[in-house]
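S.K.: can't give you the sequence, but here's the structure:
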Ligand SMILES: *Cc1c(COP(=O)(O)O)cnc(C)c1O
């Protein structure tokens with residue numbers, strides 16, 4: 001099977017498995033696991049921040065960040081397709097008691113401008129309205145097709161938010177993909193954000209885990225909340241050993257995934273009735289519209305599966321994600337399968 005459903009399906013390399021087997025471990029709840037301590041120090045240094053903490057999942061990292069930045073009965077602002085709003089089961093409401101205000105990005109990229117955000121802020125609202133306490137951004141933006149936000153845009157947004165007394169949390173699940181696409185360092189993309197979450201378990205190739213990065217005080221708070229949420233780990237150095245390799249070596253090969261995604265997007269653009277803007281495919285996520293093909297996304301996904309290609313369909317769109325276990329040849333095969341399926345439909349004129 002050529003699995004293009006997500007970069008979460010990546011399997012740990014032999015090198016990672018060897019490192020995991022050999023990992024020096026201790027009880028992390030006592031702070032005694034040397035390998036996790038090393039990974040946390042490396043992550044903090046990579047982002048030029050005071051501290052970092054390993055969390056079992058990106059969702060837990062985001063949940064903890066929202067909890068620490070807000071109080072119950074307050075509100076956070078996020079782009080309407082954001083992961084924190086759509087794919088984390090209302091954790092902001094359940095764990096933090098926070099209302100989520102969804103805002104449209106006026107340019108359709110998934111990245112809010114300050115002009116998009118400013119009218120949605122409730123700074124000193126009347127007593128019957130929830131006050132805005134947090135702005136969440138996402139880079140790259142998963143369901144906006146892996147689109148990226150530049151360092152300049154991020155800085156401007158953070159400066160404005162801070163002027164309003166609002167912290168900014170960066171959901172950087174794929175921040176290394178964004179940095180690769182922009183040709184910059186992750187530090188530049190995260191410098192002005194108050195906290196950053198990034199995933200080791202996606203394109204970087206670790207079997208599990210994400211990191212939350214921020215000030216020493218913020219990460220100390222995160223350690224308590226991680227434990228409270230059931231994420232206090234013991235000999236987690238086993239996973240950190242893979243995480244260290246993911247962090248140190250994973251980013252270097254993301255450009256290959258981006259090239260594969262671009263090739264896939266170009267082939268799709270040449271197929272009749274497929275809706276895709278090739279220019280917007282800049283990382284490892286390809287989302288295309290099939291509403292004009294005469295088939296539903298679910299039908300196309302089912303046909304693809306019969307031909308050995310896995311993808312995710314939602315509404316009239318299909319998402320394909322390239323990653324380290326998908327080769328150039330796999331992409332050629334996926335393109336061929338798509339061509340066969342889409343050519344067999346009666347195209348409306
Ligand atoms: C995958 C993802 C997460 C959450 O990661 P999990 O480890 O699956 O919980 C958060 N934000 C974005 C944008 C993601 O793509």
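M.R.: Ah, there it is. Quick caveat: nothing in here was measured; it's all calculated off a predicted structure.
S.K.: where are the low-confidence patches of the chain?
M.R.: 344-349 (pLDDT under 70).
S.K.: for the longest strand anywhere in it, the distance to its chain's centre please.
M.R.: With secondary structure taken from DSSP state E, the chain has its longest strand at strand 132-138. Put simply, strand 132-138 sits 15 Å off its chain's centre (Cα atoms, centre = their mean, to the nearest Å).
S.K.: can you tell if that strand touches the ligand?
M.R.: Yes. Strand 132-138 lies within reach of the ligand by Cβ under 6 Å from any ligand atom, at residue 138. In this view, the C-beta of every residue, glycine as well, is placed from N, C-alpha and C.
S.K.: equivalent analysis for stretch 320-337, please.
M.R.: No. Judged by Cβ under 6 Å from any ligand atom, stretch 320-337 stays clear of the ligand, getting no closer than 9.5 Å.
S.K.: tell me which helix or strand comes right after the helix or strand where residue 54 lies.
M.R.: Remark: residue 54 resides in strand 51-55, with elements defined by DSSP states H and E. Sequence-wise, the next helix or strand downstream of strand 51-55 (DSSP H and E) is helix 58-69.
S.K.: about what we covered before: may I have the strands that pair with the strand holding residue 54, each with its orientation?
M.R.: strand 210-214 (antiparallel) (DSSP bridges).
S.K.: helices and strands around the helix or strand following the partner strand, which ones?
M.R.: Remark: after strand 210-214, the chain's next helix or strand is helix 216-228, criterion DSSP H and E. With contacts defined as 3 or more Cβ pairs under 8 Å, 6 or more residues apart in numbering; DSSP states H and E, the packing partners of helix 216-228 are strand 51-55, helix 58-69, strand 210-214.
S.K.: at 7 Å instead, please
M.R.: Judged by 3 or more Cβ pairs under 7 Å, 6 or more residues apart in numbering; DSSP states H and E, helix 216-228 is in contact with strand 51-55, helix 58-69.
S.K.: how far does the next helix-or-strand element following it sit from the chain's center?
M.R.: Downstream of helix 216-228, the next assigned helix or strand under DSSP H and E is helix 237-249. From the chain centre to the centre of helix 237-249 is a distance of 18 Å (Cα atoms, centre = their mean).
S.K.: helix 237-249 packs against which elements?
M.R.: helix 14-22, helix 34-46.
S.K.: buried set for stretch 252-270?
M.R.: Of the residues in stretch 252-270, 254, 256, 257, 258, 260, 261, 262, 263, 264, 265, 267, 268 count as buried by neighbour count, 16 or more other Cβ atoms under 10 Å.
S.K.: mind putting those residues in JSON lines, secondary structure included?
M.R.: Converted to JSON lines, the buried residues of stretch 252-270 look like this (DSSP: H, G, I helix; E, B strand; the rest coil):
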{"residue": "254", "secondary structure": "helix"}
{"residue": "256", "secondary structure": "helix"}
{"residue": "257", "secondary structure": "helix"}
{"residue": "258", "secondary structure": "helix"}
{"residue": "260", "secondary structure": "helix"}
{"residue": "261", "secondary structure": "helix"}
{"residue": "262", "secondary structure": "helix"}
{"residue": "263", "secondary structure": "helix"}
{"residue": "264", "secondary structure": "helix"}
{"residue": "265", "secondary structure": "helix"}
{"residue": "267", "secondary structure": "helix"}
{"residue": "268", "secondary structure": "helix"}
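S.K.: near the ligand, from these?
M.R.: Within those, nothing lies near the ligand by Cβ under 6 Å from any ligand atom.
S.K.: what sits closest to whatever residue of the stretch 101-250 of the chain ends up closest to the ligand if chain neighbours are left out?
M.R.: Residue nearest to the ligand within the stretch 101-250 of the chain: residue 173 (3.3 Å; Cβ to the nearest ligand atom). Spatially, and ignoring its direct neighbours in sequence, residue 173 is nearest to residue 199 (4.5 Å; Cβ to Cβ, 6 or more residues apart in numbering).
S.K.: for that neighbour, give me its contacts.
M.R.: Going by Cβ atoms under 7 Å, 6 or more residues apart in numbering, residue 199 touches 58, 173, 210.
S.K.: nearest to residue 98 among the residues you listed?
M.R.: Set against residue 98, the nearest of those by Cβ to Cβ is residue 58 (18.1 Å).
S.K.: list the buried residues for stretch 203-219?
M.R.: 203-214, 218-219.
S.K.: and what of stretch 113-131?
M.R.: Buried residues in stretch 113-131, counting neighbours by 16+ other Cβ under 10 Å, are found at 114, 116, 117, 120, 121, 130.
S.K.: span of that stretch from start to end?
M.R.: End-to-end span of stretch 113-131 (Cα to Cα, to the nearest Å): 20 Å.
S.K.: and if you look at stretch 187-201?
M.R.: Length of stretch 187-201, first residue to last, Cα to Cα: 20 Å.
S.K.: can that stretch be found next to the ligand?
M.R.: Yes. Counting by Cβ under 6 Å from any ligand atom, the ligand has neighbours in stretch 187-201: 199, 201.
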